[in-house]
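S.K.: turn this into a structure:
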Amino acid sequence: MIIYCCSDLIFATKIRSTAQAVGVGCRPVRNVAMLQARLDQIDDGKLNEPVTGVLVDLDMQEAALEVIKHVKTEQPGVQTIAFGAHVATQVLALAQESGADQVLPRSQFAANLPALLEEYGGSEL
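M.R.: The predicted structure is shown next:
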């Protein structure tokens, strides 16, 4: 299952609908506490599979970096993909330093979203 952390509702909808189209389960998180609940597979009556990938929107700034660091501390085998504005070179570099497995400009992330979801999505719906 893919977890995504994205503050932009339109882009979050794009992630969710693309995941559905390629048959990959996904859930949103807004902070580290929500992320930990997904990593621990706490039953909340919704999709509750092992997390195989985390997509992080760097527009969430410090919260995004906290999510990346938390994943790498708690579940180092889970792939993290951070994405942000191509002109935000400092934030992109901070994501890399925080442990993100891939750091992509938003346009490249969007163009490759179906393939990324299929590659890191684990089991199907």
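
S.K.: tell me the phi and psi of V24?
M.R.: phi -110, psi 130 (degrees, to the nearest 10).

S.K.: list the contacts of the residue nearest to it when sequence neighbours are not counted.
M.R.: In space, and not counting its chain neighbours, V24 is closest to G121: 3.3 Å by Cβ to Cβ, 6 or more residues apart in numbering. All C-beta spots, glycine's among them, are computed from the backbone N, C-alpha and C. G121 makes contacts with 1-2, 19, 22, 24-26, 52-53, as judged by Cβ atoms under 8 Å, 6 or more residues apart in numbering.

S.K.: export those as a markdown table, with columns for neighbour count.
M.R.: Output for the contacts of G121, formatted as a markdown table (neighbours: other Cβ atoms under 10 Å):
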| residue | neighbour count |
| --- | --- |
| M1 | 21 |
| I2 | 23 |
| A19 | 24 |
| V22 | 16 |
| V24 | 23 |
| G25 | 21 |
| C26 | 22 |
| T52 | 19 |
| G53 | 22 |
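
S.K.: JSON lines for these, including distance to A33, pLDDT and secondary structure?
M.R.: Listed next are the contacts of G121 as JSON lines, based on distance: Cβ to Cβ, whole Å; pLDDT from 0 to 100; DSSP: H, G, I helix; E, B strand; the rest coil:
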{"residue": "M1", "distance to A33": "18", "pLDDT": "94", "secondary structure": "coil"}
{"residue": "I2", "distance to A33": "19", "pLDDT": "96", "secondary structure": "strand"}
{"residue": "A19", "distance to A33": "22", "pLDDT": "96", "secondary structure": "helix"}
{"residue": "V22", "distance to A33": "28", "pLDDT": "95", "secondary structure": "helix"}
{"residue": "V24", "distance to A33": "24", "pLDDT": "95", "secondary structure": "strand"}
{"residue": "G25", "distance to A33": "21", "pLDDT": "94", "secondary structure": "coil"}
{"residue": "C26", "distance to A33": "19", "pLDDT": "95", "secondary structure": "strand"}
{"residue": "T52", "distance to A33": "20", "pLDDT": "95", "secondary structure": "coil"}
{"residue": "G53", "distance to A33": "19", "pLDDT": "96", "secondary structure": "strand"}
